[in-house]
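1. Provided below for reference: sequence and predicted model.
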Amino acid sequence: MKSFFGGCVFLILFWAEVPFVACRADDLPERLTFINDIAPILTKASCNSGGCHAKAGQGQNGFRLSLFGFDPDEDYEHIVKEGRGRRVSPAAPEQSLLLLKGTNSIPHGGGKRFDTDSVHHQRIVEWIRRGMPYGLETDAKLVSIDVQPQQIAMPPNGSQQLQVSAHYSDGQVRNVTELSSFESNDKSMAEAEESGLIRARTLPGNFAIMVRYQGLVSVYNAYVPLGADVGTLPEPKNFVDELVFANLKRIGIPPSPTCDDATFLRRASLDIAGKLPTVEETQKFLNDTNPGKRDQLVETLLRSPGYADYFANKWSSLLKNRRDEKNDKRSNFAFHSWLRDGILENKPYDQLVKELLVATGDVAGNPAVAWYKRVKQPDRQLEDVAQLFLGVRMQCAQCHHHPFERWSQQDYYGFSAFFTRIGREPTSIVGEDVIFHRRGIATAENRKTRLQVKPTPLGDEELVIAPDDDPRLVLANWMSNPENPFFAHAFVNRYWKHFFKRGLVDPEDDFRDTNPPSNPELLNALAQHFIDSGFDMKSVVRVIVQSQTYQFGSNPNDDNLADVQNYSRYYPRHLTAEVYLDSINQLAGTVTEFIDLPIGTHAVSLPDNSYNADTHFLTVFGRPDSSSVCECERVDSSSLAQSLHLLNSQEIRKKLATDGSRADVLSRNKKTDRERVQELYLTAFSREPNEAELQIAEAYLTKPRLDAKGTALDPQKAKRMALEDLIWALVNTKEFTFNH
């Protein structure tokens, strides 16, 4: 039955107990306003997308709109008043330029955005005919949106139609599915059509669909079950296993078997200390019959200098410890040493971050101020801090409302205000400053509104900070508060990715409602564990590496081959450039010499990015240049350049053929060929060679070698050349190149 309200049918939804207005295409609301009825059409038609009239700068072809309609006031001005009203024609609404372009009735670079017989066209015509009302202060305001169903299991290749409801301040609920935008966070698992129809693919796991309407977002969460028999799972070792196993049972993905001791030894040593275990360490571990030896290994690695070197290398890069000028060397070395010492002594993470953020003085007295040498502007400081320590990317919000999140320009400049009272005075050393807090009221100017914004934590209220108080200290205290929803979660997610190749939230520094974690219960539990431990970084490493989940094998079974997010197996990953170089040196029995550093310095111990240029290997294999806080700057994939480097590089050839190398030493000692091969395999793979590998290697080592004239080579020289070839072959295997 039709009501007198615009010909719409009122349906009482028992689950909401509010009137739901479900309008047909030929129905029109009693009042048409720009903000509630026209702006959503422009967003749905992509008129205000970044590639069209919301393009950065001046829009497109003289017509500018705000991105995704986040600024309706400005959009109304551009459409109705700009250019003497040339875009709308109240006398002949159908002939309005806005409609002629949108329907492609006259040439339009964006092509046809809607048809002349569509409800979108009808509504815009009627809105123009009624005098193009913007809306009144007394009009109902959009309060929230939700999507139904909220979470569901979708069968492989299944489909689900979503319904989006807009809730208004007067209690009205509109079905706005037709005007909403839908986007999948993982198109390999599911795709979203413009109508809101979701089509799942065959890949098992969790996915999310972002739903956007008039600047608000909601998320539809679903998962595609594999439905296989999980069988009997191993006994959980800690809460990590309990939550991972629960997810595997829900989706129906059986995990791979537990890896053997040799694999675990190599894997944990590379992941925790960034190094291969020595032959002696390997033999001792493999011969140990203690059932708790894996846990003991983890503790040994956490106490080792290699742990501090490896993770200082990681954080030094993320914190942009760059050397652009020769006079940067002093601060580079000091900052790296400060990081390494803090990690070695297991300084609590919140304390380490606080020392960094509130650093004052000069590099000699407080090395942490070196961060402010590289990151000088408040906007860059806030963006780096938010992304690195909170997992929030704020860059977009500087110019416009974040398209996939709730952060606005006001949030951006409110966070920036924490860094506006930083003072600098040059020291006697070129390029170095004394950092101090400048007394005064901390505010930042919103570049669009020109209003002064007080310091505001993300998602919190504005703060009034006394002129004598350093706003950075207030920020650091807010970040380390156990109730902070970002700080601990961002850290444990970053470390989870370090050990599992993929974060629970991926990318690891892009936390937002529209990019939910694959296992939210696990993420929350890890964060709470980190908080309860007093922000003990080693405790996070320990609980991850000692879990049964971390100890699954990397070889897939018939059912988990396609799994990329549920951790049913260990995901192999390429050794980082520094670890790969150190591993080659360890296998070849050589060292790489670095300028201004003691002979024998490992690549994972390099203090800054300047050594990339001097050691071509590091550049080719993707060592980051420390210009970004994003871990994506590190290249962890294979390339043709890498293959050619291993084939033709004089650097690699020299390592294999130099006097005193492992090949040289092995060719001169009294070991049998079998013992030589065993040593190489124990060094490279932390395991004994199997019988087939032994036979192939022994046959190659005993094969006669001739010089260019056909004369048999000296036996020792021939043996050395054969060993060089064997070492080179091992270096090029996937088993050596990957941590698995």
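-> Arrived safely. Numbering: from 1, shown residues only.

2. give me the domain ranges for this structure.
-> 21-129, 142-224, 348-480, 573-739 (automatic domain parsing).

3. between these, which one is closest to residue 530.
-> Closest approach to residue 530 among the domains of the chain (Cβ to Cβ): domain 348-480, 7.7 Å. Any C-beta I mention is one placed from the backbone N, CA and C, and that applies to glycine too.

4. to residue 528, which of the domains of the chain lies closest?
-> domain 348-480 (14.4 Å).

5. ok, back up a step: and the domains of the chain as a markdown table, adding distance to residue 274 and mean pLDDT?
-> Shown next, in a markdown table, are the domains of the chain (distance: least, Cβ to Cβ, whole Å; pLDDT from 0 to 100):
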| stretch | distance to residue 274 | mean pLDDT |
| --- | --- | --- |
| domain 21-129 | 40 | 75 |
| domain 142-224 | 30 | 89 |
| domain 348-480 | 19 | 87 |
| domain 573-739 | 4 | 90 |
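
6. now those in a markdown table, with distance to residue 536 and mean neighbour count?
-> Below are the domains of the chain laid out as a markdown table (distance: least, Cβ to Cβ, whole Å; neighbours: other Cβ atoms under 10 Å):
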| stretch | distance to residue 536 | mean neighbour count |
| --- | --- | --- |
| domain 21-129 | 41 | 17 |
| domain 142-224 | 29 | 18 |
| domain 348-480 | 6 | 18 |
| domain 573-739 | 22 | 17 |
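
7. any chance of those in JSON lines, plus distance to residue 243?
-> Formatted as JSON lines, these follow (distance: least, Cβ to Cβ, whole Å):
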{"stretch": "domain 21-129", "distance to residue 243": "36"}
{"stretch": "domain 142-224", "distance to residue 243": "13"}
{"stretch": "domain 348-480", "distance to residue 243": "20"}
{"stretch": "domain 573-739", "distance to residue 243": "23"}
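
8. so for residue 312, which of those domains sits nearest?
-> Smallest distance to residue 312 across those (Cβ to Cβ): 8.0 Å, for domain 573-739.

9. ignoring the adjacent residues along the chain, who's closest to residue 477?
-> Once flanking residues are discounted, residue 477 sits nearest to residue 354: 7.8 Å by Cβ to Cβ, 6 or more residues apart in numbering.

10. surely that neighbour touches residue 480?
-> Yes - Residue 354 is within contact range of residue 480, at 6.7 Å (criterion: Cβ atoms under 8 Å).

11. how far out from the middle of the chain is stretch 674-684?
-> Stretch 674-684 sits 38 Å away from the centroid of its parent chain (Cα atoms, centre = their mean, to the nearest Å).

12. picking that back up, next one: the strand or helix carrying the residue nearest to residue 477 to chain centre, how far?
-> Under the criterion of DSSP states H and E, residue 354 resides in helix 349-357. Per Cα atoms, centre = their mean, the displacement of helix 349-357 from the mean C-alpha position of its chain is 22 Å.

13. for that helix, packing partners?
-> helix 471-480 (3 or more Cβ pairs under 8 Å, 6 or more residues apart in numbering; DSSP states H and E).

14. next, the angle from the helix it packs on to helix 349-357.
-> Computed by axes from the mean of the first three to the mean of the last three Cα atoms, to 10 degrees, the angle separating helix 471-480 from helix 349-357 equals 160 degrees.

15. name the residues that touch helix 471-480?
-> Identification of contacts with helix 471-480 by Cβ atoms under 8 Å, 6 or more residues apart in numbering yields 350, 353-354, 357-358, 385, 389-390, 417-422, 437, 442, 455, 457, 460, 463, 465, 484, 486-487, 535.

16. any idea how far the closest residue to residue 104 other than its chain neighbours is from residue 105?
-> Distances taken as Cβ to Cβ, 6+ apart place residue 112 nearest to residue 104, at 3.9 Å, with adjacent residues excluded. Distance, residue 112 to residue 105, using Cβ to Cβ, to the nearest Å: 9 Å.
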